[in-house]
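S.K.: pasted the sequence and its predicted model underneath.
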Amino acid sequence: MNDLFLRVCHGESVPRPPVWMMRQAGRYLPEYRELRRQNDFLTLCKTPELATEVTLQPIRRLGVDAAILFADILLPLEAMGAELKFVKGDGPCFPNPVRRREDIARLRVPDVDETLGYVFEALRLVRRELDGKVPVIGFAGTPWTLASYLVEGGTSKQFAHLLSWSYADPEGLAELLDRIADVSIAYLQGQIAAGAQALQIFDTWGGLLDEERWTRIALPPLKRILDSIGNQVPRIFYLRGGAHLLPAMARLPVEVLSVDWRQPLDQVRAIVGPGKALQGNLDPGTLLGPREEIRRRVENLVRLGRGGGHIVNLGHGILPMTPVENARTFIETAQAQELASS
Ligand code: CP3
């Protein structure tokens, strides 16, 4: 079994850095696009055999050191009764957004086995197919990030509804975040029971908030999730656009912090201190450039990450227009770096 990824999560030293990519199962792969031609996105997520196939595609093609289950962070909101559509070109859409306290009553507390059992089934299938080859990562979004989609009704640029609610009725918004946290706890426990060997929590929109507001609004429901999961499996926390939140992130009960590319990894380490592994943080745009440049930047990244525990990854999801050969250069270069003599 290739356990480099789990060893770094647990703070152990390894002969070479493990590497995987956020959104590694996705549109840059021709075999994914082929399956997508025949099935819409939600069908792929909800059919365990198809979700398993998509999860395994980047393992076969690129030999990454971890699998991440193919699903989406928004699925638990659908399980709570919010209608969810993926519209070509526009991304996710909630036609009936939740924008005030009264709207929360429309949401239900779902039985996760009934409503999200397809995710657990896919995890079990992935574990069986991988047969120990590499570990599989489960995931969820943070309540704040999930609420940003549910309140706005989809992807947003200004987040006007969410921000206005957060200032006008913070207790009402807190109630929504609490409801989402309750479901997330059951959902993540279910993923562990189904075989997830690590969990990544995505706070894609946490960086919208300053430190005081992130700590007051986003942190309490997130902390409740992290505490109730405990350290049964390593917990990875990803936040995008959050250099200003690193001191707060350093205090989270997680084993790994996953950071975007806006700050060099040695500076991140200086702020975060020892005790947690770091994951990241190559600019996904690098993979659109020349291979020589990719190699140079990966070598530099591994140098900056030396000594403190580092899982090589991108700073956000791989871009759909990335040439597969460039993704391969990224993975191969990372896997060729030796750490023992550092
Ligand atoms: O490979 C993997 O990383 C595992 C699967 C995965 C997907 N989404 C598949 C997906 C994971 C871990 C996610 C997380 C996710 N989903 C996040 C957090 C990480 C991040 O990117 O910030 C967010 C914010 C979402 C919500 C979401 N899903 C959006 C905004 C979109 C549309 C924009 C886009 O990138 O297409 C999706 C769709 C989505 N999720 C696709 C995939 C492969 C593309 C769907 C398609 O085939 O058309």
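M.R.: Sure thing, it's come through. Quantities reported herein were computed from a predicted structural model and do not represent experimental measurements.

S.K.: so who does the closest residue in space to residue 166 that isn't next to it in sequence touch?
M.R.: Spatial nearest neighbour of residue 166, chain neighbours left out: residue 173 (5.4 Å); criterion: C-beta to C-beta, 6 or more residues apart in numbering. In this view, the C-beta of every residue, glycine as well, is placed from N, C-alpha and C. Counting by C-beta atoms under 8 Å, 6 or more residues apart in numbering, residue 173 touches 147, 162, 165-166, 217.

S.K.: ok, and the most crowded of those?
M.R.: With neighbours set by other C-beta atoms under 10 Å, the maximum within those is found at residue 147, which has 25 neighbours.

S.K.: mind listing the strands for the stretch 151-300 of the chain?
M.R.: Secondary structure of the stretch 151-300 of the chain by DSSP state E, counting those that start in this stretch: the strands cover 198-203, 235-239, 256-259, 277-282.

S.K.: does residue 133 touch residue 1 like I think?
M.R.: Yes: using C-beta atoms under 8 Å, residue 133 is in contact with residue 1, at 6.9 Å.

S.K.: quick one: the strand or helix carrying residue 120 near the ligand?
M.R.: Per DSSP states H and E: residue 120 is located in helix 112-130. No: using C-beta under 6 Å from any ligand atom, we find that helix 112-130 stays clear of the ligand, coming within 10.9 Å at best.

S.K.: get me the contact residues on this structure for the ligand.
M.R.: 22-27, 36, 41, 68, 70-74, 91-92, 139, 155, 202, 204, 240, 317.

S.K.: on that earlier part again, quick one: which of the contacts of residue 173 is nearest the ligand?
M.R.: The closest of the contacts of residue 173 to the ligand turns out to be residue 147 (C-beta to the nearest ligand atom; 12.0 Å).

S.K.: helices and strands around the helix or strand encompassing the closest one, which ones?
M.R.: Per DSSP H and E, residue 147 falls inside helix 143-152. Packing partners of helix 143-152 (3 or more C-beta pairs under 8 Å, 6 or more residues apart in numbering; DSSP states H and E): helix 75-79, helix 160-168, helix 170-194, strand 198-203, helix 219-229.

S.K.: right, and these - which one's nearest residue 102?
M.R.: Judged by C-beta to C-beta, the one of the helices and strands packed on helix 143-152 that comes nearest to residue 102 is helix 170-194, at 8.9 Å.

S.K.: gap between the closest one and the chain center?
M.R.: The chain centre lies 16 Å from the centre of helix 170-194; the measure is C-alpha atoms, centre = their mean, to the nearest Å.
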